[in-house]
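1. Coordinates for the following, if possible.
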Amino acid sequence: MEETPIPEDQVPETPEETVVSEEDSVSDEESISDESTELQDEDVDVDSEDDASAEAVEDSVEPTEETPKVIRPDRTDFILNAVIAVLVVSVLTVGGLLGYDMWSVNQAEKIATPAARAIEGLKDLVRANPGSAAARVRLGEAMATAGLTKQALEQLEAALTLDPNHTGAYVDLGLIAIDQSELLQAEGYFLKVVELTEGAEFEDVNQRREIALFYLGEIALDDSRYEDAITYFKGALRIRRDASDTYYLLAQAYRGLNEYDAALDQLQTATLFDPNYPEAHFLIGEILMAQDDDINAAIHFKWAADLVPDADPPAEALAAIGPAEQWLASGSAALSEGDTDKALHDAIMATVLDPESVDAHKLHGTVLEDIGDDAAALESWEKAAELAPEDTEIQDTIDRLGGV
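-> A predicted model of the protein is given here:
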């Protein structure tokens with residue numbers, strides 16, 4: 001397969017967003033009754049958390065330290081109710097930046113924080129609608145997002161007691177199991193979601209089904225079950241066709257089967273949807289390097305390195321290729337020895353590794369002229385002129401080649 005770098009100024013339009021059925025737009029598989037029934041605390045197990053859930057929310061927010069690495073964002077947030085996600089994520093962000101001392105020990109102030117307010121409001125919803133599985137799921141999601149895992153599991157299991165076919169509860173349980181590294185258990189929950197949505201009216205636009213298939217693919221990929229992973233990822237892509245991370249992981253599965261051209265096809269699609277996807281560019285580089293296409297590999301390694309300059313893998317890959325000066329020297333030597341093929345290769349590599357190198361562009365232009373490609377040679381000399389407009393040698397050469 002011929003590898004063509006994607007110009008930075010050409011970003012494809014994203015296809016229209018996949019339509020999601022009303023069933024999947026919220027964590028509802030049943031309507032929540034408008035009739036409120038006040039319950040005693042012993043009737044609804046929403047106040048049985050250790051001491052108080054509001055206190056646990058504050059204790060669960062830990063400072064986060066950003067570490068430069070080539071890792072894609074977790075997709076877990078996709079399943080959360082939008083309002084709850086916004087409220088809780090805002091708390092987690094502030095908590096991560098400012099640390100524990102931002103929280104007051106005053107219980108009233110704790111309840112006033114967004115995460116605790118969301119949980120308290122959802123507790124009220126559960127009390128008012130004791131038979132609503134959807135209300136339990138929403139509360140469980142909010143608790144899970146706030147780090148109250150034990151309490152979240154209680155609510156989700158209670159939801160399944162009320163509605164054994166609630167796909168939202170199974171998705172949430174699967175995500176929590178993944179977070180706890182219980183992959184076999186998570187796989188069971190996600191398989192249940194796929195089973196429950198199989199042949200459904202909205203099967204091809206079911207958001208929960210897409211999430212389940214995506215994570216089943218990740219679990220299979222982690223277990224080196226590459227064919228299973230391919231099946232799951234393709235199923236997820238039938239529902240959400242613009243998911244660059246799914247194309248990337250599908251490429252990983254094809255790579256595991258040594259189907260490198262198929263892997264490159266998926267990576268090309270991933271970078272069409274997300275041109276600045278460092279992991280995809282890095283993986284393209286690795287595959288191309290294994291196919292002895294070191295120039296195009298270097299292009300993608302450098303792309304990844306420019307996107308995440310503090311990440312080690314692309315920097316190490318470029319270091320293994322060598323600096324531009326090394327290629328410039330070897331290309332010049334090859335040209336003087338009459339080896340134009342090597343000279344051309346090395347000159348191109350030098351321009352890839354250091355696009356600001358005037359000497360690399362001059363060498364490239366010289367080699368191209370030597371092999372009779374004056375038009376391409378002129379382009380290289382004009383690039384050199386952009387970098388060194390006062391260089392008379394460059395301008396003389398451009399004039400000789402017929403440039404303006």
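
2. Name the residues that touch stretch 282-290?
-> Contact partners of stretch 282-290, identified using CB atoms under 8 Å, 6 or more residues apart in numbering, comprise 3, 70, 248, 251-252, 255, 260, 263-264, 267-268, 271, 294, 296-301, 304, 313-314, 317. Yep, even glycine has a C-beta here, placed from its N, CA and C like the rest.

3. Next, count neighbours for residue 348.
-> Using other CB atoms under 10 Å, residue 348 has 21 other residues around it.

4. If we go by neighbour counts, what in the helix or strand containing it is buried?
-> Assigned by DSSP states H and E, residue 348 belongs to helix 340-353. If you call a residue buried by 16 or more other CB atoms under 10 Å, then helix 340-353 has these buried ones: 342, 343, 344, 345, 346, 347, 348, 349, 350, 351, 352, 353.

5. Grab the nearest non-local neighbour of the first one.
-> Nearest-residue entry for residue 342: residue 334, 4.0 Å, with adjacent residues in sequence omitted and distances by CB to CB, 6 or more residues apart in numbering.

6. which SS class is that neighbour?
-> Put simply, residue 334 is helix when judged by DSSP: H, G, I helix; E, B strand; the rest coil.

7. Next one: it from residue 368, what distance?
-> According to CB to CB, to the nearest Å, residue 334 stands 14 Å off from residue 368.

8. quick one: low-confidence ranges for the chain?
-> 1-113, 204-205, 403-404 (pLDDT under 70).

9. Identify all contacting residues around the helix holding residue 348.
-> Contacts for helix 340-353 (CB under 8 Å, 6+ apart): 294-295, 298-299, 302, 318, 321-325, 327-328, 330-332, 334-335, 357, 359-361, 363-364, 366-368, 370-371, 380.

10. The residue nearest to residue 342: how many residues sit nearby?
-> Using other CB under 10 Å, residue 334 is surrounded by 20 other residues.

11. dump the residue contacts of residue 188.
-> Applying CB under 8 Å, 6+ apart, no residues qualify as near residue 188.

12. likewise the one 4 residues further on?
-> The neighbourhood of residue 192, defined by CB under 8 Å, 6+ apart, consists of 167, 170.

13. Is it part of a helix or strand, or is it coil?
-> Residue 192 is classified as helix under three-state DSSP.

14. I'd like to know how far it sits from residue 234.
-> Taking CB to CB, one finds residue 192 at 20 Å from residue 234.

15. Separate out the buried members of the contacts of helix 340-353.
-> Using 16+ other CB under 10 Å as the burial test, those include 294-295, 298-299, 302, 318, 321, 324, 327-328, 330-332, 334-335, 357, 359-361, 363-364, 366-368, 380 as buried.

16. returning to that earlier point: with distance to residue 133 added, can I get the buried residues of helix 340-353 in JSON lines?
-> As requested, these are exported to JSON lines (distance: CB to CB, whole Å):
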{"residue": "342", "distance to residue 133": "69"}
{"residue": "343", "distance to residue 133": "71"}
{"residue": "344", "distance to residue 133": "67"}
{"residue": "345", "distance to residue 133": "64"}
{"residue": "346", "distance to residue 133": "66"}
{"residue": "347", "distance to residue 133": "66"}
{"residue": "348", "distance to residue 133": "62"}
{"residue": "349", "distance to residue 133": "61"}
{"residue": "350", "distance to residue 133": "64"}
{"residue": "351", "distance to residue 133": "61"}
{"residue": "352", "distance to residue 133": "57"}
{"residue": "353", "distance to residue 133": "58"}
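
17. any idea which of those is closest to residue 168?
-> Lowest distance from residue 168 to the buried residues of helix 340-353 (CB to CB) belongs to residue 352, with 48.4 Å.

18. Roughly how far does that closest one sit from residue 306?
-> 12 Å.

19. what does residue 368 give?
-> Counting by CB to CB, the gap from residue 368 to residue 306 is 26 Å.

20. Ok, residue 321 next?
-> 15 Å.

21. Kindly report the same for residue 329.
-> Using CB to CB, residue 329 is found at 24 Å from residue 306.

22. coming back round to it: just the buried members of the contacts of stretch 282-290?
-> Here, 16+ other CB under 10 Å leaves 3, 70, 248, 251-252, 255, 260, 263-264, 267-268, 271, 294, 296-301, 304, 313-314, 317 buried among these.

23. Just the ones of these in helices?
-> 248, 251-252, 255, 260, 263-264, 267-268, 271, 294, 296-301, 304, 313-314, 317 (DSSP state H).

24. Let me see the domain layout of the protein.
-> 23-29+38-163, 325-400 (automatic domain parsing).

25. For the closest residue in space to residue 187 that isn't next to it in sequence, give me its contacts.
-> Computed as CB to CB, 6+ apart, the closest residue to residue 187 that is not its neighbour in sequence is residue 219, at 5.1 Å. Counting by CB under 8 Å, 6+ apart, residue 219 makes contact with 178, 183, 186, 187, 190.

26. The third one and residue 178 touch, don't they?
-> Yes - with contact defined as CB atoms under 8 Å, residue 186 and residue 178 form a contacting pair (4.7 Å).

27. Between these two, which contacts overlap?
-> Contact criterion CB under 8 Å, 6+ apart; residues bridging residue 186 and residue 178 by contacting each: 215, 219.

28. between the two, who's got more neighbours?
-> Set residue 186 next to residue 178 and count neighbours by other CB under 10 Å: residue 186 wins out with 23 against 20.
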